[in-house]
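Novice: Return atomic coordinates for the entry below.
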Amino acid sequence: MAPSEIVRRLKGRTASKLLEEFPHIKKRYWGRHFWARGYFCATVGQMTEEMIKSYLEHHFEPRQNDDFKMEPG
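Specialist: Take a look at the predicted model:
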């Protein structure tokens, strides 16, 4: 399966689930696209599984000014 097809399915299903579970966000994202249109795909080359896990664990740490909320506001 092509990476583009994987991303298309992932974005479609996650958007549907999020909008189903949190219907109030439909008001904020009222257009047809919940996710951005593009995506990025690259190979990892010589990286080990441990290096990738370490990157992911530290890359997504919460930021002080992050105001993303899932509850109605």
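Novice: count of neighbours near the closest residue to residue 11 other than its chain neighbours?
Specialist: Distances taken as CB to CB, 6 or more residues apart in numbering put residue 35 closest to residue 11, at 4.5 Å, once the chain neighbours are dropped. Heads up, the C-betas are built off the backbone N, CA and C, glycines and all. Using other CB atoms under 10 Å, the number of residues around residue 35 comes to 15.
Novice: Read off the pLDDT value for residue 9.
Specialist: pLDDT recorded at residue 9 is 93.
Novice: Which strand or helix spans it?
Specialist: Here residue 9, judged by DSSP states H and E, is contained in helix 3-21.
Novice: counting contacts, what elements does the lowest-mean-pLDDT helix or strand in the chain pack onto?
Specialist: Using mean pLDDT, DSSP states H and E, helix 25-28 stands out as the lowest-scoring helix or strand of the chain, at a mean of 80. Judged by 3 or more CB pairs under 8 Å, 6 or more residues apart in numbering; DSSP states H and E, the packing partners of helix 25-28 are helix 3-21.
Novice: Show me which positions of the helix it packs on end up buried.
Specialist: Within helix 3-21, the residues that count as buried by 16 or more other CB atoms under 10 Å are 11, 15, 18.
Novice: any chance of the residues you listed in TSV, plus distance to residue 4?
Specialist: Below are the buried residues of helix 3-21 laid out as TSV (distance: CB to CB, whole Å):
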residue	distance to residue 4
11	11
15	16
18	21
